[in-house]
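A.B. asks: Just the structure for this:
(one chain, ligands or ions: 1)
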Amino acid sequence: PPEPTAPTTAPEDLVARLADLQQDYAALQARGLTLDLTRGKPSAEQLDLSDALLALPGEGVHTDADGTDVRNYGGLQGLPQLRRIFAELLGLPIEQLLAAGNASLTLMYDTLTYATLFGVPGSERPWGQEERVRFICPVPGYDRHFTVCEALGIEMITVPMTPDGPDAEAVAALVADDPSIKGMWVVPTYANPDGSVVSEDVARRLVSMPTAAPDFRILWDNAYALHHLTEDEATSADAVGLAAEAGHPDRVVLFASTSKITFAGAGVAFLGSSPANVAWFSKHLSAQSIGPDKVNQLRHALFFGDAEGVRVHMRKHRDILAPKFDAVIGVLAERLGEVATWSVPRGGYFVTLAVQPGTASRVVELARAAGIALTPAGAAFPYGDDPQDSILRLAPTLPPLDEVRVAMDGVATCVLLAGAERAAD
Ligand code: PMP
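C.D. replies: This is a model prediction of the structure:
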């Protein structure tokens, strides 16, 4: 499916329907709903899939396959038994993959913090001593990436997303002669929020393009690498390997976690990159930590057993999630065919909905007043600024299926009413 973009034609008949839509909306409000489509959280039913973790490793089980006592200090790089499983799934040599704490976002923040304080391999000076540091943010994108940049004083510039990932030609043109552009965000597989998958061609272009900055980094956030919604399972491009092949071995830093595989608040996060970047990250990490929570890492290794164990587990998530996404797409197709466009993701946690330009904030406001919480309009853009006020992110994973249907029907009413109001304006 094409990238959702703001629809430009408001059908005349929307204006004619204004009075009816106002009535529909009043009826919606009268239902007194409290529904939430704001954040990409797993549902309780999904969390239950991993409940066996709560009894692992179990009393008396405290050594890993190599005989290490996981209760004690040490092992900064993470437990090999678990790294081996995820190295296979993420397509990296085990020596190039660290297992850390519970949040990959922390690893991303730490990577950019170390870069700011100390520079990365290839830097002429710490990024914090540069006059200006800028990052490319493909839009729509993940709001917490933007928050990390803002927190560290990194300015953001946008490029559009395409169905094959970020617009690589636009990126290549920007980085070619501007050394202040030090890096970019990429969510390569089932992107948050548009569900796109970076093609092999786009990956090759991004890892091989010449950059004016000698220390350019791609933060390759593969949060949804294994999170398929259909049997047509996307394979992530091997960005770390392709970068090495292209002669830029240190360009890509990969992140992943089990936040949406086991427990969102108590999973394990991973960082994968070139040997030089892994050594660089480990060196700075060693001043910050004596070692990660290896008990949790062992628990995860025992729970999965091997890479196939993870794949089997992910199919159980798919069985819970696919009907919710089908419900979202079904309601959109049935009710908004002519006034909006949307992504049809094959994986991940989100649907992107593009409504009439100038109405996204109004849709969120109408929905809120009807008891349906949506992610704020603009959240998928740096500084919260969607220049067209058109893009909405829908997150259907948390509520039960029947609530997803009710909420989406309500959202459709709000989209139609906002469009009619605007057309009548
Ligand atoms: N990256 C992306 C693209 C995400 O959507 C999320 C979760 N919403 C995260 C990272 C957060 O990952 P973690 O829980 O490992 O910090």
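A.B. asks: Span of stretch 151-170 from start to end?
C.D. replies: 26 Å (Cα to Cα, to the nearest Å).
A.B. asks: Mind listing what's buried along that stretch?
C.D. replies: In terms of neighbour count (16 or more other Cβ atoms under 10 Å), stretch 151-170 has its buried residues at L152, I154, M156, T158, V159, M161, T162, D164, G165, P166, D167, A168. From N, CA and C alone the C-beta is placed, and that goes for glycine too.
A.B. asks: pretty sure the second one is touching F135, no?
C.D. replies: To tie it back to what came earlier, the one meant is I154. Yes - applying Cβ atoms under 8 Å, one finds I154 in contact with F135, separated by 5.1 Å.
A.B. asks: can you pull the contacts of the closest residue to S43 other than its chain neighbours?
C.D. replies: Once flanking residues are discounted, S43 sits nearest to L398: 5.4 Å by Cβ to Cβ, 6 or more residues apart in numbering. Applying Cβ atoms under 8 Å, 6 or more residues apart in numbering, we find L398 in contact with D36, L37, R39, K41, P42, S43.
A.B. asks: So L398 versus G267, what's the distance?
C.D. replies: Per Cβ to Cβ, to the nearest Å, L398 is found 17 Å from G267.
A.B. asks: Same question for G371.
C.D. replies: From G371 to G267 the distance is 31 Å (Cβ to Cβ).
A.B. asks: cool, D409 as well?
C.D. replies: Going from D409 to G267 by Cβ to Cβ gives 33 Å.
A.B. asks: Show me which of the two is the more surrounded one.
C.D. replies: Taking other Cβ atoms under 10 Å, D409 and G267 do not tie; G267 has more neighbours (21 against 16).
A.B. asks: That one reaches N102, doesn't it?
C.D. replies: Yes - assessed by Cβ under 8 Å, G267 is found in contact with N102 at 5.5 Å.
A.B. asks: okay, and the common contacts of I154 and F135?
C.D. replies: With Cβ under 8 Å, 6+ apart, I154 and F135 have common neighbours K182.
A.B. asks: burial count for D69?
C.D. replies: The burial count for D69: 12, using other Cβ under 10 Å.
A.B. asks: Help me confirm that it comes into contact with H62.
C.D. replies: Yes - contact criterion Cβ under 8 Å: D69 and H62 qualify, at 5.7 Å.
A.B. asks: and this structure, which residues reach the ligand?
C.D. replies: Applying Cβ under 6 Å from any ligand atom, one finds that the chain approaches the ligand through G40, A103, S104, L105, Y142, V187, N192, D221, A223, S257, S259, A269.
A.B. asks: ok, now with 8 Å
C.D. replies: Residues of the chain found near the ligand (Cβ under 8 Å from any ligand atom) are 39-40, 102-108, 142, 144-145, 187, 191-192, 221, 223-224, 255-260, 264, 267, 269, 348-350.
A.B. asks: Weed out the non-buried ones from the residues you listed.
C.D. replies: 40, 102-105, 107-108, 142, 145, 187, 191-192, 221, 223-224, 255-260, 264, 267, 269, 348-350.
A.B. asks: Just the ones of those residues in strands?
C.D. replies: D221, F255, A256, S257, A269 (DSSP state E).
A.B. asks: who's in contact with the fourth one?
C.D. replies: Same thing as S257. Listed by Cβ under 8 Å, 6+ apart, the contact set of S257 reads N102, A103, S104, A223, G267, V268, A269, F270.
A.B. asks: can we see that at 7 Å?
C.D. replies: A103, S104, A223, G267, V268, A269, F270 (Cβ atoms under 7 Å, 6 or more residues apart in numbering).
A.B. asks: What sits closest to S259 if chain neighbours are left out?
C.D. replies: Excluding the flanking residues, the one nearest S259 by Cβ to Cβ, 6+ apart is G267, at 4.6 Å.
A.B. asks: now that neighbour: how far from L53?
C.D. replies: From G267 over to L53 the distance is 9 Å, taken as Cβ to Cβ.
A.B. asks: who touches both of these two?
C.D. replies: Between them, G267 and L53 share no contacting residue under Cβ under 7 Å, 6+ apart.
A.B. asks: counting contacts, what elements does the longest helix anywhere in the chain pack onto?
C.D. replies: Using DSSP state H, we find that the single longest helix of the chain is helix 307-336. Applying 3 or more Cβ pairs under 7 Å, 6 or more residues apart in numbering; DSSP states H and E, one finds that helix 307-336 contacts helix 44-48, helix 80-90, strand 351-354, helix 401-424.
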